[in-house]
Every structure is written in structure tokens, then in C-alpha cells.
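J.: model the following, please.
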Amino acid sequence: NYAYLADGSAGLQVIDISNPALPTGVGRCDTSGNALGVTVSGGYAYVADEYRGLVVINISNPASPTRVGGYDTSGSARGVAISGGCAYVAAASAGLHVIDISNPASPIRIGGYDTSSSVMAVVVSGNYAYVTGGDRGVHVIDISNPALPIRVGGYDTSGYAYGIAISGNY
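T.: Next up is the predicted model:
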């Protein structure tokens, strides 16, 4: 019944969408930066904040979301995906960060991959992270060992790759 919106300098916005004809704002949490991406898992919103890195917000009370932790990616965080107790953060020129979120109050970086291009978005499917590499298209990274991600392939597009989605059974 709720949509969670990465709303730039306004941080995380919580929107009640139980009546699709009349969405209503019910809560907000300032991320202290510029919220560019968000995903929700297990009672938490994980926000990719351009200036703050990964921001973890408890959303158990949608009217009063509360920041509980974070990790500074030292790069401009653009997107985030969650899989297997890890957050995968697309951090622009700092590449892909793999962050253990088993303790949401104290996320810890356990691995990463330098794509040598500006990482804009990430999606995870199975044992693979697919990251857009800006002017280098998409990188396919094996994350079966999250502490040691390995690039296994990629596709160079003719444009500048910003977003990505995966469909099907992989």
C-alpha cells in the first residue's frame, strides 16, 4: 500500500497508494544529501544518496521513517539493489560496492568491483549483478562470492547507459 520515492534533496518520501486515484504523502526522512535510488527489503528502505552513499531507513512506521544506519561509498551513489543480505550500490566513478546489511544499523563494505566507468544503476538476478557502465554499456558481474565480485561479460552500447531492468528466469 506504500510507494517509497527517492526524491532528490527532499530525501525519502513515503506515499500511501492504497487508493490509486488519490495517492497521499504520509511520511518523509531526510537523507542529508540527494536521494537518487531506493529499494525496500525486510522493513527497511535502502537509499542511494548521491552525497551520503547508502542510507538505511527503518520504515516499520510509514508515517515516521527513521534513519538507522549508512555507509559512505566515497562515490556518487546512484542506485541500489538488495540480495542475500547484501546491498549492491552503483557508486558512479567509485564502481560497484558490495555492503553487508545483516546489521542495518552498521552496514559494512565487504567487496566491490571497479568498472573503470561511471556506474549509474544496478540490478541483481541470481548470482549476477548487472550494472550500467555509462559510456561502456552494461557489465555482468558474478556475485556468487559477494566479497570477490568478478566481471564475466558485458555489452558496449552506442549511447550512455543509465538504467537497467531484468526479466525472465535467470
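
J.: what's the burial count for Pro20?
T.: 6 (other C-beta atoms under 10 Å). For the C-beta atoms, the positions are set from N, CA and C on the backbone; glycine is no exception.

J.: quickly note the distance from it to Asp7.
T.: The gap separating Pro20 from Asp7 is 19 Å, by C-beta to C-beta, to the nearest Å.

J.: what of Tyr128?
T.: 30 Å.

J.: centroid-wise, who is the farthest residue in the chain?
T.: The C-alpha centroid of the chain is most remote from Ala21, which lies 28.3 Å away (C-alpha atoms, centre = their mean).

J.: ok, that one - contacts?
T.: Going by C-beta atoms under 8 Å, 6 or more residues apart in numbering, Ala21 touches no other residue.

J.: using the three-state scheme, assign it.
T.: At Ala21 the chain is in coil, as set by DSSP: H, G, I helix; E, B strand; the rest coil.

J.: low-confidence regions, this protein specifically.
T.: Applying pLDDT under 70 to the chain picks out residues 169-170.

J.: before we move on, the earlier item: state the phi and psi torsions of the residue farthest from the centre of the chain.
T.: Backbone torsions of Ala21, given as degrees, to the nearest 10, read phi -80, psi -10.

J.: going forward, count from 557.
T.: Understood, numbering begins at 557; the last thing we discussed is Ala577.

J.: what about it, distance to Arg608?
T.: In terms of C-beta to C-beta, Ala577 sits 35 Å off from Arg608.

J.: ok, what's across the strand from the spatially most central residue of the chain?
T.: With distances taken as C-alpha atoms, centre = their mean, the residue of the chain nearest its centroid is Val636 (0.9 Å). For Val636, the beta-bridge partners are Val645 (DSSP bridges).
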